[in-house]
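Asker: Sequence and predicted structure, then a few things I'm wondering about:
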Amino acid sequence: KRIAVLFSGTGSNFAHIINTLHKQEVEIAVALTNNPEAGGIQLAKEHGIPLEIIDSKAYDSREAFDSAVIERLRPYGADLTVLAGFMRILTPVFTDQIKCINLHPSLLPRHKGLKSIERSYEDEYPTGGVSVHWVTSELDGGEIILQKEVAKEGLSFEEYDEKVRAIEKVALEEAIRKALD
Ligand code: GRF
């Protein structure tokens, strides 16, 4: 099966997919970023993964950007698109056409949107965690594929953050398998 991976920053989740699934269980047919400065660009180059850069700042509407992304992805014929730290809100232009999953660092439906790790750490529940879900036009709102919990007790924020960032990689890997099943 072929997947497309979309990222905006460091790309540590992208790196995990390269190291675990790529060329073994799946083929990363293309990586795409909206950020010309993203650290993940280097990863794509090192691993010879076709890369598309579409600077979201050059588009004046979300819909125009989404259409451009769809057009760039189309030739690669991916079976599934994976948002791995892709920090853009997608409109129905995209979500109605593209079969897509997203990684989110909280136990949804808690803490949709930004700063989810901070907000999870500070809330009243004893556990936080991560979710991978199907992408719809509702931000962080689609059907959940899987979640993993992280107990907060006794952890400093830095320790909690580190655990979340480790477990989200495992969650994403498992969810890609499930979504392609
Ligand atoms: C991850 O914490 C992801 O859950 C969130 O953005 C971060 C991206 O990290 N949506 P990276 O670029 O994969 O290192």
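Answerer: Alright, I've got the coordinates.
Asker: who's in contact with stretch 54-70?
Answerer: Outside stretch 54-70, the residues that touch it by Cβ atoms under 8 Å, 6 or more residues apart in numbering are 6, 32-36, 72, 88-91, 93-94, 97-98. C-betas here are computed from N, CA, C, even on glycine.
Asker: one more time with 7 Å, if that's ok
Answerer: Outside of stretch 54-70, the residues within contact range by Cβ atoms under 7 Å, 6 or more residues apart in numbering are 32, 34, 36, 72, 88, 89, 90, 91, 93, 94, 97, 98.
Asker: which parts of this protein sit against the ligand?
Answerer: Taking Cβ under 6 Å from any ligand atom as the contact definition, the chain meets the ligand at 7, 9-14, 84-85, 103-105, 165, 168.
Asker: same thing but at 8 Å, please
Answerer: 7-16, 38-40, 83-87, 102-105, 116-117, 130, 164-165, 168 (Cβ under 8 Å from any ligand atom).
Asker: centroid residue for this structure?
Answerer: residue 84 (2.2 Å; Cα atoms, centre = their mean).
Asker: Dihedrals phi and psi, the residue lying closest to that residue once chain neighbours are set aside?
Answerer: Of all residues not flanking residue 84 in the chain, residue 13 sits nearest, at 3.9 Å (Cβ to Cβ, 6 or more residues apart in numbering). Dihedral pair for residue 13: phi -70, psi -40, per degrees, to the nearest 10.
Asker: do the same with residue 83
Answerer: Torsion angles, degrees, to the nearest 10, at residue 83: phi -90, psi 110.
Asker: Now for it: which residues touch it?
Answerer: 6, 100, 101, 102, 103, 135.
Asker: What's the local residue count around the residue nearest to residue 84?
Answerer: Residues lying near residue 13 (other Cβ atoms under 10 Å) number 24.
Asker: any idea which element the residue of the chain positioned farthest from its centre lies in?
Answerer: The C-alpha centroid of the chain is most remote from residue 154, which lies 28.5 Å away (Cα atoms, centre = their mean). If you go by DSSP states H and E, residue 154 is not part of any helix or strand.
Asker: Next: residue 6.
Answerer: Element membership of residue 6, judged by DSSP H and E, is strand 2-7.
Asker: what about that strand, distance to the chain center?
Answerer: Put simply, strand 2-7 sits 9 Å off its chain's centre (Cα atoms, centre = their mean, to the nearest Å).
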